[in-house]
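# generate coordinates for the sequence data below:
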Amino acid sequence: MDAARELATRRCGRRLKQMDPAAFRASLDTAKPPKVSAPLRALWHAAKGDWSRAHEIVQDEDGPEAAWVHAYLPRVEGDLSNAGYWYRRAGKPTARGELQEEWTAIVETLLVD
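Down below sits the predicted model:
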């Protein structure tokens, strides 16, 4: 890959998704999040119990990935009407299962896409 294309790839975030879910989960034992996309960083902070930081990260992001994470966060707080709005923005069905299952599904999807 030539240098210009590699730089463009990094800028658009494709390189940021080359971590596997197990490594992402293992990074929760560290003090700083891995170099991943903003939605994944938000999920990292949410898993560490820092809901405010997670929300701060995704509220400034556009796109369906950020909207999906944004939908997950109000579910954590029990605000299902707000979550429903964000699920619609993300083009996803409203999650009804366990929060940890959804967190895992989002992480796995964002790391694979």
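
# residue 34 in helix, strand or coil?
Secondary structure assignment for residue 34 (DSSP: H, G, I helix; E, B strand; the rest coil): coil.

# can you offset everything so residue one is 39?
OK, 39 is where the count begins now, so the last one is residue 72.

# distance of the residue nearest to it when sequence neighbours are not counted relative to residue 79?
Distances taken as Cβ to Cβ, 6 or more residues apart in numbering place residue 65 nearest to residue 72, at 4.7 Å, with adjacent residues excluded. Using the backbone N, CA and C atoms, a C-beta is placed for each residue, glycine as well. Distance, residue 65 to residue 79, by Cβ to Cβ, to the nearest Å: 10 Å.

# just the pLDDT for the residue nearest to residue 72.
At residue 65, the model reports a pLDDT of 93.

# which one's more surrounded, residue 65 and residue 79?
More neighbours surround residue 79 than the other of residue 65 and residue 79, with 21 against 17 (other Cβ atoms under 10 Å).

# and that one, what does it touch?
71, 95 (Cβ atoms under 8 Å, 6 or more residues apart in numbering).

# go on, residue 105?
Applying Cβ under 8 Å, 6+ apart to residue 105 gives the contacts 124, 125, 127, 128, 129.

# need phi/psi at it.
phi -60, psi -40 (degrees, to the nearest 10).

# for this structure, which element, helix or strand, carries the lowest mean pLDDT?
helix 41-50 (a mean of 40; mean pLDDT, DSSP states H and E).

# got any residues that touch both of residue 65 and residue 79?
Residues touching both residue 65 and residue 79 (Cβ under 8 Å, 6+ apart) are residue 71.

# what is the burial count for the closest residue to residue 62 other than its chain neighbours?
Among residues not flanking residue 62 along the chain, residue 145 sits closest, at 5.8 Å (Cβ to Cβ, 6+ apart). Using other Cβ under 10 Å, residue 145 has 21 other residues around it.

# what's the answer for residue 140, then?
Residue 140 has 18 neighbours, counted by other Cβ under 10 Å.

# that one reaches residue 113, doesn't it?
Yes. The pair residue 140 and residue 113 passes the contact test of Cβ atoms under 8 Å, sitting 7.3 Å apart.

# right, I'll call it a day here.
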